[in-house]
Each structure stands twice: as structure tokens, then as C-alpha cells.
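Enquirer: return a 3D structure for these sequence lines:
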Amino acid sequence: MADLIFTSAQLRRYDGDDGPAYIAYKGIVYDVSQCTKWRGTMHEGQHFPGQDLTTELPEAPHGEEVFRHPCVRRVGILIG
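Expert: Numbering: from 1, shown residues only. Just a heads-up that it's a prediction; the model follows:
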């Protein structure tokens, strides 16, 4: 399946309220809808889906390995 292309405005629509929850990291958009820690409207009381979290990861208690979890699925790329 080919990557979809998202703008920041389009990414914000995927906030998990009425559909999937997407986040972006380093230009890649991921579907985190199936991840238990992303269910609801906020992750760990700190991050909302529908956002680019590239600048937030350095402060997280985990690294980039979270994007390899089975519940995380790459869906596209973030431009602008």
C-alpha cells in the first residue's frame, strides 16, 4: 500500500474522536488507534493524537522503538 500524504491540518483531523488516531514522527505518519495507551483522547495524560510529536520524543520514557510495536502502523508521510 502506498503512503498517503498529510499536511499538518489534515493530520489534526485524525484525533481519534470519530475515527482513527494518527501521530507523526520525523515526517512519518503512524496509526496508533490499536494501541491501548492511545485509546481515549490523550496518551499518558500528555499527548493528543493528530499531532506531530517529533519534538516530544526526547522527553519520553521510551525511544523510537515504540514505532515498531505491533499496534503501530505506518500510514503515510507528513509534509509541511
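Enquirer: tell me which helix or strand the residue most central in space within the chain sits in.
Expert: Within the chain, one residue has its C-alpha closest to the average C-alpha position: by CA atoms, centre = their mean, that is residue 23, at 1.6 Å. Per DSSP states H and E: residue 23 is located in strand 22-25.
Enquirer: how near is the nearest residue to residue 13 once chain neighbours are set aside to residue 73?
Expert: Beyond its immediate neighbours in the sequence, the residue positioned closest to residue 13 (CB to CB, 6 or more residues apart in numbering) is residue 50, lying 6.7 Å away. C-betas here are computed from N, CA, C, even on glycine. Distance, residue 50 to residue 73, using CB to CB, to the nearest Å: 16 Å.
Enquirer: on that earlier part again, list the contacts for the residue nearest to the centre of the chain?
Expert: Contacts for residue 23 (CB atoms under 8 Å, 6 or more residues apart in numbering) come out as 29, 30, 32, 38, 47, 49, 50, 51, 52, 53.
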